[in-house]
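J.: Quick one, structure for this:
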Amino acid sequence: MKPDFEKMELIPAIVQDFYTKEVLMLAYVNEESYEYMLENKETCFYSRSRKELWHKGETSGHYQKIKSISLDCDKDTLLIQVEQIGAACHTGSYSCFFNEVQTSEEEYNNLIIEEVYKMIKDRKENPREGSYTNYLLEKGVDKICKKIGEEASETIIAAKNTDKEELIGEISDLAYHVLVLMLDKNITVEDIKMKLSERHKIEGNKKKENKKGEY
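T.: I've put the predicted structure just below:
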């Protein structure tokens, strides 16, 4: 089974992170680049501007290792799931889809961890007077780890109490300080998502037996 290149010389290809399911980019594939991908297991597209094949990552080193290729019902659109090495976008962004047009409150809540991380990163790059985040980053890893220990202890105490809202607040404080540590150590939210996904893999509807390193 292959795309219907007789109907369309160039087939749009949606590229998705295999582990996090985040949509990374949209590109176009002709028959030659499609055959290249099947043989080499890395993405290769056709550049409409340069009129030539484009092996993703050839100049940047940000390769996309193919995990799966799927066709839509009309055989004129590809969905390529990949293991992304580095950033997918030429701007340095992990995904090309970072220009937010409209987001529902539910979607914003789903992305709140990423938003808090972005805020912490912005504080590091653009310090603000009186910022608690800047205070932690300036004091360094020892202070950050001390606060994580304190928040972890307070979370344990709250868990022993009956006030659910208190526990939610303490867990939120703990999560914030962990995000500060992540930024300080150059660990991204995507790094954590990928590691969690690796440890929680499910192929199809079949449950895999637990192995070392998996949950």
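J.: burial of Thr91, as a residue count?
T.: Thr91 has 8 neighbouring residues, counting by other Cβ atoms under 10 Å. Placement of C-beta: from N, CA and C, glycine included.
J.: quick one: the closest residue to it other than its chain neighbours and Ser49, what's the gap?
T.: If the residues on either side of it in the chain are set aside, Thr91 comes closest to Phe98, at 8.0 Å by Cβ to Cβ, 6 or more residues apart in numbering. Look at Phe98 and Ser49: by Cβ to Cβ, to the nearest Å, they are 21 Å apart.
J.: These two - which one has more neighbours?
T.: Phe98 (9 against 6).
J.: What does the pLDDT read for that one?
T.: On pLDDT, Phe98 comes in at 80.
J.: Spell out the residue ranges of the strands in the chain.
T.: For the chain, applying DSSP state E gives strands covering 11-17, 23-29, 44-47, 52-55, 64-71, 78-84.
J.: isn't the residue nearest to Thr91 right next to Cys89, touching?
T.: Yes - applying Cβ atoms under 8 Å, one finds Phe98 in contact with Cys89, separated by 7.4 Å.
J.: Where does pLDDT dip in the protein?
T.: Applying pLDDT under 70 to the chain flags residues 102-110, 201-215.
J.: any idea how far the spatially most central residue of it is from Thr20?
T.: The chain has Glu190 as the residue nearest its centroid, 3.9 Å off, counting by Cα atoms, centre = their mean. Counting by Cβ to Cβ, the separation of Glu190 from Thr20 is 7 Å.
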